[in-house]
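Asker: Quick one, what's the 3D model for this:
(2 chains)
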Amino acid sequence: MTDAPAGKNVGSRQRKLKGDLFLTGRATYFNDITVPNVAHAAVKRSPHAHARIVSIDTSRAAAAPGVLAVLVGEEAKELHNPIPYFIDPAVFGGKSPPVYCLAVGKVKYWGQPVAAVVAETPGDAQAALDLIDVQYEVLEPVVDADRALEPGSPRVNDDWDDNLVIEIPFVEGDCDAAFDGAEHVIEGEFRMGRNSTQPIETRGNLAVWAPDGSLTFYGAIQNPHPLRMHLSQTLGIPETKIRVIAPNVGGGLGLKMHGHPEETLVCVLAKRIGRPVKWLEDRRETLLIGGIENVQRYKIAFDSTGRITALQNRIVANVGNLTSAPGWGMAFLMGLSYPTGYKVANTDVGVKVVTTNKGVWNAIRGYGKQGTNPVMERMVDAIAHRLGLDPVEVRRRNLIEKHEFPYPTNSGLNIDSGDYHGALDKICEWLDYDNLRAEQQRLLEEEGRYMGIGLVFELTPESADIPGTIVGGFDTCTVKMDPQGNVTVLTGVTSPGSGNETGIAQIVADELGVDVEGISVIQGDTDSCPYGFGNYSGRSMVTGGGSAVLASRDVADKLKKTAAILLEAGESDVQLVNGMASVVGAPEKAIPIPQVAFTVYTLNFAIPGIPEAPLEATRVYKPQNIRHTPDEKGRIQPYPTYSFAVHAAVVEVDVETGKTTFQRIGCVHDCGTMINPTLIEGQMAGALVMGIGHGISEEIRYDDQGVNQSNRLKTYLLPRAGDVTSIEMIHQVTPSPFTILGNKGAGEAGVGGGMGLVLSAVNDAIRPLGAAVESLPVTPETVLRAIRAAGHGPGATQPNWPHA
Amino acid sequence: MISKRFEYHTPHSVEQAVGLLAEKNGEAVVLGGGTWVVPDMTHGTITPGHVVDLRRAGLDGIEAEAGGLRIGATATYTQILESELVRERAPALHALAVGITGGAQLRNQATMGGGVCYALPSADPHGALVALGARYRLASKGGVREVDAESFYTGVQQSVLQPGELLTDIIVPEQPAGSRQGYYKFKLCESSWPIVTACAVVVVDGSGTVTSARVAVGGASETPYLVDTAGIVGATLGPEQAAVVAAAAEAACARPYGDPLASGEYRKMIAGAIAKRALLAAAG
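Answerer: Here you go, the predicted model:
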């Protein structure tokens, strides 16, 4: 039910709580935390993608200045249980090798932890790494996923028969028949490179054991309670003996979902030396973790009006070496998310998840949907070009219409609500679309300039619940009011810096009639916060916000009951507004809320009928629309909400160099009810720019021996302000019928949109040359090669003299 | 983090500096602004026992010399950017300093002399200094010598600079009367290192005829190179002349340089366009 309160905070552009601390560099992040007697860890990493460890001699390192201990894999294996998978492929019928914090027997990717040093200072630890002598027997690596699937290719895991982690089919209708009878078919092969997250704050962990055998774990992490469970299983101690604390996080983006070896490593090292141990990730280490890399071999059938009748897609995802982190699951989502918001009767999508000797994956904001949206949009553009239709018109003809929601998709999803055509209209109006197309033509004919208009639809299923895993789709909130009327909120969702604490405070402020600035929101501490799953899948305002509504209403009920007695009014006539409990229609009958609170705590025996103290409630919110009872085809429905967006960009491609310049970027975004438009715009701008980076310059490259070539931010190129242009944000609000406030997820949308936008715009620009790009990122080199491949030699495409 | 311990030296004169280099006999690395050396030490790709920091050696002056100018080896890009003398006598270097990737923090730290010595093919200064006919003054315990920019570079991060030898000054000679300079840098995006750079020094007479043209390309080949411009001397600059220079620039890319950002093949493919743009920037 849509049940948005008419209060002044929800929907307002409330400034971020404690924003001054962040702006002035006084907010506490992981590396600001220190504890007495702390020692520092550094990790020795493999210089080979695939090699057997013959021997490791740690004697020189152990004797180096400041060194307290050196640990190798064979020892570490005895000190902890295999690290549980955040999402275990085995749950879905796949394979999952046991994972330890240090390599055992052989190394399976370049940069894999082989040994660790713990020393008095980070410098001592780092320096001692060079003194560890590891003898390797180098093995042939398998770097390419297609090659990894060939019989006889090297195997990443010695005890596997092949390199296939899992194969997942998503089949509906009769694709073969549809292709047989199709008027038109387009086939293609799309390659998506390996990209990554790169938050400003890298990862870090700190383990502190107490004499009673209990552990306090600090980390730049996204999911404190799930990590507590996994640490418990890894270390063999009950969860009751573990406290996990996540301070402010300087960007999560999926990277800080756990399952990385270093989380276990600091605990094991700290136990060994009897002192706290801290590890802070180096940027080169952050660049060992990537994701999304895949090849999609697609075939799409459509009629002469541009209506899509069938889609076949064979996706091969190169997930590198498996770790316990949840990254591989993105490949699952790539398949599940087809055909996004388009109506396609017959679909046959298959995903092969392939392990190789490349680096590991972890989650990347978008969690796989950014592997789907750009390719789906590429297909729609290709249909338009084939038929000589306008790409916007082809979208209009195929997108789900407003009256068709909730819309069940072929893969079993149930899209909650939407107005896709409304969003298309809004973006076309912003672009002044028809005139812009005319200008594009004029620029080409009169000035020899290649303008491109990119336009993409993006569907973002969010707030997932994956059965049988610790990816939960509900969350918990505690709201407390003290005797002086101050409000504390404890929530199971964490903030990666996105500002959800501010959104949650806005909700609570409205329900309790108090000032938002006075609300204290506590997150990220398993000893004080109620059980929750933390941050992923755009869930914080759906589940964290929903549970805050319910808990606040319970507290509000007690306040209203009490005020009704004090004001001699009916309970249903009491409202909580502007710090006062007042009687509707009789404003003179009012009492300050702190006085009501004080009454509950101090006159509980004195006044009959006063509700029980304390003013405190803990509630769980489970959004509707998730369905885990498999339907007749065995499909489940893991997402409550499906936000969507239509993005547009105007670019110019320099056809002599292949470089793309953005001139305009616009976005119509619909995430249902907006709790705070400013925070939503911040999320969308960040996601779009991240997607544009993934679309145009960001790629973790490996050589043919599996050696990482992108080890710093000069070889892995993030976009800067000058690479994009200001982003025009247009809101459309189609509330979700399945969440308490009508809101949908608003954290991930934009990444796939940005990637698709680059692709769509560049292809639109170079189409007059007969050139096309079918890969990401769309680097200048990619574009120029496509132009040359279309038969245009140097000079053939130069703009009119003089060059602009 | 630099994990290998090293000894840090701050000589207060060239004499002291070359003395130290001779004494440390190849174990020392020279620090200009440190924007290459420090990351390399951080990454462990170089592990010198001694670091000789030139910042107090009195080498940061920019002064007139003959009709040209002398840029001290430790002059930062900010100093070059703010120098009236550079703007007047070597406007291409002013344009180059404007476009240094990394913003104010880098411009305040990085030195052109350091970039020259590091000799990474794609770095900003090489092509421009070759086009300007610059000479590098090199000092060692044995004395001082000067080398033409064009013959200084021998390969990727390789040059004729000998162990024990130090760049003290970059000499930019007086440019031909009536000449105009143009500089063009191509990079992939804001955070990218340069991919290909080009610089042109052109004289066009009153009738619009090109009387001399010197064009050099950096970043495309392993070493910066001059482009054959004979085909445009005596002609009026137009699209065909630019195309001639572009073709010559691409043809002269003898040893295409590739790195993780861009292949050698790609750099060669765009070398012509970049040379042409420098020529156009010069022709105004």
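Asker: how about B:A248, what does it touch?
Answerer: By C-beta atoms under 8 Å, 6 or more residues apart in numbering or on different chains, the contact set of B:A248 is B:227-229, B:231, B:272, B:275. The C-beta positions use only the backbone N, C-alpha and C, and glycine is treated the same way.
Asker: let's see 10 Å
Answerer: Going by C-beta atoms under 10 Å, 6 or more residues apart in numbering or on different chains, B:A248 touches B:215, B:217, B:226-232, B:271-272, B:275.
Asker: what subset of these is also close to chain A?
Answerer: Filtering these for proximity to chain A (criterion: C-beta under 10 Å from any C-beta of the partner chain) leaves B:271-272.
Asker: And the contacts of B:A248, which two are furthest apart?
Answerer: Comparing all pairs in these by C-beta to C-beta, the longest separation belongs to B:A230 and B:A271, at 18.0 Å.
Asker: who's more crowded, those two?
Answerer: Taking other C-beta atoms under 10 Å in any protein chain shown, B:A230 and B:A271 do not tie; B:A271 has more neighbours (30 against 9).
Asker: Now that one: which helix or strand?
Answerer: helix B:264-283 (DSSP states H and E).
Asker: mind listing the strands for the stretch 101-250 of chain B?
Answerer: Along the stretch 101-250 of chain B, counting by DSSP state E, counting those that start in this stretch, strands occupy B:135-140, B:143-148, B:153-155, B:158-159, B:166-172, B:179-187, B:194-204, B:210-218, B:225-227.
Asker: roughly how far out does the fifth one sit from the chain middle?
Answerer: In other words, strand B:166-172. 11 Å (C-alpha atoms, centre = their mean, to the nearest Å).
Asker: so for that strand, what's the average pLDDT?
Answerer: Average pLDDT, strand B:166-172: 98.
Asker: and whichever residue of the stretch 51-200 of chain B sits closest to chain A, how many neighbours?
Answerer: In the stretch 51-200 of chain B, no residue comes nearer to chain A than B:E190, which is 3.8 Å away by C-beta to the nearest C-beta. Residues within reach of B:E190, counting by other C-beta under 10 Å, total 17.
Asker: Please name the nearest non-neighbouring residue to it.
Answerer: Nearest residue to B:E190, sequence neighbours excluded (C-beta to C-beta, 6 or more residues apart in numbering or on different chains): A:R720, at 3.8 Å.
Asker: Contacts only, for that neighbour.
Answerer: A:689, A:693, B:101, B:103, B:189-192.
Asker: list the contacts for residue 237?
Answerer: Assuming you mean chain A. A:209, A:213-215, A:231, A:267.
Asker: looking at chain B here, not the other one
Answerer: A:801-802, B:202, B:204, B:208-210, B:213, B:245, B:279-280, B:282-283.
Asker: how about the CA coordinates for the lowest-mean-pLDDT helix or strand in chain B, as PDB?
Answerer: Every helix and strand in chain B was compared by mean pLDDT, DSSP states H and E; the lowest is helix B:103-107, with a mean of 90. Coordinates of each C-alpha in helix B:103-107 appear next as PDB, following Å, rounded to 0.1, in the frame of the first residue of the first chain:
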ATOM      1  CA  GLY B 103      46.300  19.900 -11.600                       C
ATOM      2  CA  ALA B 104      47.900  22.400  -9.300                       C
ATOM      3  CA  GLN B 105      49.300  19.800  -6.900                       C
ATOM      4  CA  LEU B 106      51.300  18.200  -9.700                       C
ATOM      5  CA  ARG B 107      52.300  21.400 -11.400                       C
END
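Asker: How about residues contacting it?
Answerer: Outside helix B:103-107, the residues that touch it by C-beta under 10 Å, 6+ apart are A:720, B:33, B:35, B:76-82, B:97-98, B:100-101, B:190.
Asker: Which one (most neighbours) among those?
Answerer: Top of those by neighbour count (other C-beta under 10 Å): B:Y77, with 27 neighbours.
Asker: what's the distance between the nearest residue to it once chain neighbours are set aside and B:A73?
Answerer: Using C-beta to C-beta, 6+ apart and skipping residues adjacent in sequence, the residue nearest B:Y77 is B:R107, 4.1 Å away. Separation of B:R107 from B:A73 (C-beta to C-beta, to the nearest Å): 16 Å.
Asker: Which one's more surrounded, those two?
Answerer: B:A73 (28 against 21).
Asker: tell me the contacts of the residue nearest to that one when sequence neighbours are not counted?
Answerer: Once flanking residues are discounted, B:A73 sits nearest to B:G113: 3.2 Å by C-beta to C-beta, 6+ apart. B:G113 sits next to B:30, B:32-33, B:54, B:59-60, B:71-76, B:125, B:136, B:166-170 when contact means C-beta under 10 Å, 6+ apart.
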